[in-house]
Each structure stands twice: as C-alpha cells, then as structure tokens.
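1. predicted coordinates and the sequence they were generated for:
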Amino acid sequence: MDLHFGDSKPTDDERAAVDAVLGPPESSWEGADRRDADLRWARGGREARDRRDLLLPGLHAINDRMGWISEGALDYLCRRLTVPPAEAYGVATFYAMFSVEPRPATVLHVCTDLACAAADASALCAGIESRLGTGSGVSVERSPCLGLCERAPAALAVRAGDPVRTAVAAPASVEAAVLAASAPDSAPEEGPAAGAVPQAGDPSLLLLNRVGVVDPSSLDDYRAHGGYTALRRAFALGPAGVIREVTDSGLLGRGGAAFPTGRKWQATASQPDHPHYLVCNADESEPGTFKDRVLMEGDPYALVEAMTVAAYAVGAHQGYLYLRGEYPRALHRMQYAVDCARARGLLGDDILGQGYAFDIEIRRGAGAYICGEETALFNSIEGYRGEPRSKPPFPVEKGLFGKPTVENNVETLVNVLPILTMGAPAYAAIGTPRSTGPKLFCVSGSVERPGVYELPFGATLGELLTLAGLRENLRAVLLGGAAGGFVRPDELDIPLTFEGTREAGTTLGSGVVMAFDDTVPLPRLLLRIAEFFRDESCGQCVPCRVGTVRQEEALHRIVERTGSDAANDIALLREVGRAMRDASICGLGQTAWNAVESAIDRLGAYE
C-alpha cells in the first residue's frame with residue numbers, strides 16, 4: 001500500500017457504504033464523478049481532515065457491507081477524508097475483525113480463549129470445520145474471548161450485507177454454530193441478559209437490581225424503577241456538588257487500576273482548556289470479563305443516565321461510548337437507548353429543561369484488546385492505530401482530540417447512580433474503608449452457576465465461589481483474567497478487595513474469577529495466555545513486542561517436551577518477564593508475565 005492513491009476503483013456497493021457514513025461527496029477531489037467536476041476548485045481539505053475520526057466508522061461500514069476491505073474501497077474512503085492510503089491501511093490491518101484480503105461474506109468467530117478452552121473449544125472448532133468442509137462460503141476463525149464466558153464454549157457468526165446480520169451460539173454445539181453461520185436469521189435468539197445474573201430479582205442489589213426486572217427497551221419502565229432520579233439530584237447539587245459526593249463515596253475505578261473517580265473528575269473539571277470530553281470504555285476484552293456486556297444488554301438506560309451525570313460534573317457536552325465490536329446485541333440495545341433518550345429530551349440541547357447540553361455517540365471497536373487502555377482508545381476514536389501514548393500528559397489534561405477527558409468503564413459509571421440516590425455516606429458504608437461499595441464479579445469455568453455476581457467489597461473468594469456452586473477437585477483460581485494471577489484452592493479466604501488481593505500477592509483486576517478443576521491441563525492454559533498476549537501486543541515498544549514472542553516460545557518448548565531443560569526456560573521466562581514489567585509502555589506488556597509467574601511460583605505448574 002502506497003502513500004499515494006492507486007488506480008483501483010470502488011464498487012457501487014463500497015461507495016454506497018462509505019457515503020452512508022460520510023454523506024455524498026461534494027467535489028471530484030473527494031471522489032465525485034469527474035464528468036461534472038470543476039477541477040479549478042479544491043474543496044474539502046482542512047474540513048475533511050477534521051473528520052479523520054470517521055475513519056474507523058468508515059472501515060466498519062465497508063467491512064459490514066462487503067465482508068472485507070478492498071484497495072478500491074480503502075482508496076475511496078481515504079479520498080473522502082484526505083487520509084494517506086498507507087496510514088489507513090495501517091489502521092485497517094490493526095484490528096482483528098477487519099480483513100484486507102478477500103474472504104467469504106460469512107465469518108464464524110469461535111472463541112478459543114480460557115473459559116472456552118476449558119470447555120473443549122478445540123474439539124468444537126474441529127467439528128465445525130469438518131461439518132462445513134470446503135466451499136461452504138463460511139470462514140471459520142479461532143477468536144480470542146468473545147465476552148460470553150458464562151456460556152462457554154461460544155461462537156459469533158457475522159454475515160456481511162446491508163444490513164449486516166449476526167447470530168450467537170452459546171453454549172455452542174457443532175450444530176448450533178453451523179446453523180448460526182449458514183442461516184443467522186433462523187438461529188435461535190439469545191436468551192435475556194438476566195440469564196447471566198444468577199442473583200437476578202434480588203431487591204438488595206444496587207447495580208444489577210433492574211436486570212431481569214425491567215424491559216431493557218422501555219424508557220418508561222426504567223423511569224418507573226427509579227431511573228433518572230440520580231440525574232435530577234445531580235442538577236440540584238450542581239457540578240461541584242456531584243464531584244464532592246463521588247469523592248466522599250470513595251468510589252475507585254472498576255477497570256482494574258482502582259484510581260479514585262472523584263479525583264479524576266475534579267482534575268478534568270478544573271482544566272481551563274475546552275471542550276472537555278467524556279469517554280465510556282465499554283471495550284472489555286480481558287478474557288473472562290463480561291459484566292459490562294450484561295449491564296448494557298440488561299439495563300442500557302442506566303449507562304445513558306450515568307454518562308450524562310458524569311459529563312455534567314466535568315463540564316463535557318460530548319460523550320463517546322466505545323463499545324466492543326463483538327457485542328452486537330449490546331450495540332443494538334445501547335443505540336436504541338441513546339435514540340430514545342434523545343427523542344425524550346434526556347439527551348440533546350436542553351436536558352430536562354435545565355439548559356444543559358450533552359449527547360452521546362457510539363463508536364465500535366474492531367477486535368483489539370489494547371484499545372482497553374485509555375490512550376489507545378483515544379487514538380482509535382481519532383482514526384489512528386490503537387497504540388498507547390506515553391504519559392504525561394495525562395488524559396485529564398490532554399486526552400481525546402488533545403482536550404481534557406474523563407475516561408471510565410461501564411461499571412464505574414453505573415456506580416455513580418446509587419451514590420447520588422442513597423448519598424455518599426450510605427454508599428461508603430458498604431464494603432471496606434479502602435474499597436467502598438458493591439463490586440461485580442465475572443465467574444466462569446468449573447462452577448455450576450457461572451455469571452455476573454454482585455457482592456460488597458470484603459466478601460471472600462470462597463464465599464463467591466460457594467454462591468457460584470464450586471465443583472469438586474478444584475485445581476486453581478485465576479483472579480483478574482489473563483493479566484491477573486492464580487491462587488491455590490487453600491487460599492479461598494482471600495478478601496475480595498483491592499488491598500486484600502494486593503496483600504495476598506495477586507490482583508483483583510476488573511473482577512474476573514475463573515475456576516479450573518483438575519481436568520484442565522494447566523500448561524496448555526498458560527500457553528494460551530502467552531498466545532493471547534503475543535497476538536494482542538500492538539508492537540509499539542520493543543519489550544512487549546519481543547518479550548511476548550519469547551514468552552510464548554519458551555512455554556511451547558516446555559509443553560512439547562519432557563522437562564530436562566525446563567529450568568533454563570523458566571529462568572529465561574523470569575528475565576523476559578522482568579524486562580516487560582519494567583520497560584513496557586502500557587499495562588499489556590507490564591502484566592503479560594503475571595499469570596505465568598503466579599502459576600510457576602504458587603501452583604508449581606511445571607514440577
């Protein structure tokens with residue numbers, strides 16, 4: 001791919017897909033028909049460059065319509081946005097869900113990550129490929145986590161067209177997956193989101209209390225169950241009052257870093273540079289994580305309200321919801337909720353008659369774990385490769401489009417609603433002094449009732465696994481997902497708090513709890529973790545780009561031979577792990593060694 005435009009031409013369908021996002025071209029400089037062109041005038045230019053953030057939606061539009069992105073389609077999109085084709089090619093090839101090579105219109109993504117691997121996803125893939133055979137018109141792709149861990153193994157079928165059609169098979173059999181791929185419109189619909197919440201209907205819940213109780217498509221039902229009470233109180237308190245309540249509540253970010261939310265909001269609100277932006281990170285791609293999906297599918301208006309409250313507090317008038325590309329139902333639910341809220345005056349120029357303007361735009365990710373890192377997410381929205389930025393400056397000073405930005409994940413934002421409705425002191429009384437409020441835990445693996453559980457901080461790991469129905473012969477528990485650490489079956493008294501897991505030498509992360517019994521081959525599981533980090537490294541920094549490859553190679557050698565030289569490879573793993581932890585730009589490289597290290601030191605994985 002060159003810096004210059006080539007001679008390839010888009011098809012009518014490709015042109016229509018791009019025009020549906022950008023509108024029709026106004027001049028031949030943007031790709032209009034030259035027969036009617038006046039080439040003495042160049043229009044677009046600076047205005048088109050200011051729309052570079054539409055590059056990712058444009059790539060989605062082409063990929064959705066055609067199933068892949070041809071050179072002609074990419075050239076046309078680049079002309080419309082005055083983006084060099086080489087740069088756009090670099091963006092298109094960054095994401096796993098896009099293809100720049102011809103492929104069938106139907107792609108079946110079969111999850112082979114941790115929970116699904118433990119549920120024999122490899123046999124599922126082999127059965128699907130055998131059943132479909134060659135010439136089926138379906139491309140079967142082994143995929144990282146699809147966020148359906150409570151129903152492992154899982155598969156997602158995507159059929160290109162206008163409109164694009166999707167179908168989920170979970171738990172997937174060979175027959176169900178083949179049906180989803182061959183006839184997505186005929187495949188059984190997913191069950192309600194409440195199916196992922198074993199506690200659904202429990203009135204004591206704060207974050208999940210509406211999931212399974214309200215109709216997720218009904219704004220009136222949401223308001224009848226307490227919806228928009230928090231926003232009205234926010235308007236009564238004023239922006240400074242809202243930030244004070246959030247600060248006094250002790251709310252810590254739920255994405256894994258555990259940064260004080262009130263401090264982040266205050267730092268952004270006090271910046272003199274404008275405009276301010278709000279970004280909701282709904283790109284949960286950590287293997288074993290699916291709580292944000294359940295919230296968006298089961299209670300979408302809660303997130304719309306919470307984003308509005310947060311934006312009001314920090315002085316933002318535009319918000320972006322960056323949503324995983326593998327979540328088609330969450331996308332549909334959230335888009336419908338945003339549209340309904342806008343139509344009812346709960347988004348737009350004058351929310352609830354208070355003279356405050358705020359709106360939300362949904363941006364889809366396209367399969368890149370690294371975009372869960374906040375600055376990589378900003379780059380992705382802006383139309384660049386999703387590579388992390390060096391800090392400082394921090395996002396509260398220079399974030400999205402170089403302006404002060406607050407970034408929180410779905411669970412963090414939804415916690416703001418009970419803080420305002422019940423008051424900061426009552427909220428802070430839940431949990432422990434240093435980890436306040438309720439926490440959502442994604443439990444999967446060797447348990448009878450996998451799903452999302454809500455417990456106050458301070459409950460023990462054993463209490464959570466008892467709720468989930470722990471099976472016999474427990475071998476290990478992975479806390480925090482692929483970037484977390486393993487604990488032994490005799491360590492189930494660990495308190496599930498940020499400080500408690502830290503003191504125990506592990507991490508809480510975003511709330512992943514994966515149980516594995518003795519039927520799961522631990523060395524193969526560790527190799528899958530290493531493969532995940534190698535695939536997901538953005539390649540920007542040497543320690544991570546090279547280290548994740550060396551880690552996988554060493555684990556391959558250990559798994560594929562007897563242990564005569566395992567000690568040398570373990571020593572190499574430790575050296576590589578320290579280098580990644582100390583020198584990587586972002587958390588991906590810094591945590592890529594954690595799970596393997598804990599399995600070696602705590603579980604004796606290769607003894």
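-> Great, that's in hand.

2. now T11: closest residue in space that isn't a chain neighbour?
-> Leaving aside its sequence neighbours, T11 sits nearest to G72 (Cβ to Cβ, 6 or more residues apart in numbering; 7.0 Å). Where you see a C-beta, it was placed from the backbone N, CA and C, and this is true even at glycine.

3. for the strand or helix carrying that neighbour, packing partners?
-> Per DSSP states H and E: G72 is located in helix 71-81. Where contact means 3 or more Cβ pairs under 8 Å, 6 or more residues apart in numbering; DSSP states H and E, helix 71-81 is packed against helix 12-22, helix 46-49, helix 55-66, helix 85-92.

4. and the angle for the longest one with helix 71-81?
-> When axes from the mean of the first three to the mean of the last three Cα atoms, to 10 degrees is applied, the directions of helix 55-66 and helix 71-81 differ by 150 degrees.

5. report the central residue of this protein.
-> D283 (1.7 Å; Cα atoms, centre = their mean).

6. ok, that residue touching L321?
-> No - taking Cβ atoms under 8 Å as the definition, D283 is not a contact partner of L321, at 9.9 Å.

7. keeping just the C-alphas, turn the helix holding G72 into PDB.
-> The C-alpha atoms that make up helix 71-81 are tabulated as PDB, following Å, rounded to 0.1, in the frame of the first residue of the first chain:
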ATOM      1  CA  GLU A  71      -8.000  -1.500  -2.200                       C
ATOM      2  CA  GLY A  72     -10.500   0.500  -4.200                       C
ATOM      3  CA  ALA A  73     -12.800   0.900  -1.200                       C
ATOM      4  CA  LEU A  74     -10.000   2.000   1.000                       C
ATOM      5  CA  ASP A  75      -8.800   4.500  -1.600                       C
ATOM      6  CA  TYR A  76     -12.300   6.000  -1.800                       C
ATOM      7  CA  LEU A  77     -12.600   6.300   1.900                       C
ATOM      8  CA  CYS A  78      -9.100   7.900   2.000                       C
ATOM      9  CA  ARG A  79     -10.000  10.500  -0.700                       C
ATOM     10  CA  ARG A  80     -13.100  11.400   1.300                       C
ATOM     11  CA  LEU A  81     -11.100  12.000   4.400                       C
END
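
8. quick one: it to helix 85-92, angle?
-> Going by the same axes, to 10 degrees, helix 71-81 is angled at 110 degrees with respect to helix 85-92.

9. contacts for the helix or strand where E553 lies, please.
-> In this structure, E553 is located in helix 542-559 according to DSSP H and E. Applying Cβ atoms under 8 Å, 6 or more residues apart in numbering, the contact partners of helix 542-559 are 523-524, 526-527, 530-531, 533-534, 537-539, 565-566, 569-570, 572-573, 576-577, 579-580, 582-586, 588-589, 592-593, 596, 606.

10. contacts only, for I430.
-> I430 touches 206, 436-438, 456-457, counting by Cβ under 8 Å, 6+ apart.

11. hang on, the earlier thing: only C-alpha atoms, please: export the helix holding E553 in PDB.
-> Taking Å, rounded to 0.1, in the frame of the first residue of the first chain, the C-alpha atoms of helix 542-559 are listed here in PDB:
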ATOM      1  CA  VAL A 542      10.300  -3.500  22.000                       C
ATOM      2  CA  PRO A 543      10.000  -5.100  25.500                       C
ATOM      3  CA  CYS A 544       6.400  -6.100  24.800                       C
ATOM      4  CA  ARG A 545       6.700  -6.800  21.100                       C
ATOM      5  CA  VAL A 546       9.700  -9.100  21.500                       C
ATOM      6  CA  GLY A 547       9.000 -10.300  25.100                       C
ATOM      7  CA  THR A 548       5.600 -11.700  24.400                       C
ATOM      8  CA  VAL A 549       7.000 -13.800  21.500                       C
ATOM      9  CA  ARG A 550       9.900 -15.100  23.600                       C
ATOM     10  CA  GLN A 551       7.500 -16.000  26.400                       C
ATOM     11  CA  GLU A 552       5.300 -18.000  24.100                       C
ATOM     12  CA  GLU A 553       8.300 -19.700  22.500                       C
ATOM     13  CA  ALA A 554       9.600 -20.800  25.900                       C
ATOM     14  CA  LEU A 555       6.200 -22.100  27.000                       C
ATOM     15  CA  HIS A 556       5.900 -24.000  23.700                       C
ATOM     16  CA  ARG A 557       9.300 -25.700  24.400                       C
ATOM     17  CA  ILE A 558       8.200 -26.600  28.000                       C
ATOM     18  CA  VAL A 559       4.900 -28.000  26.900                       C
END
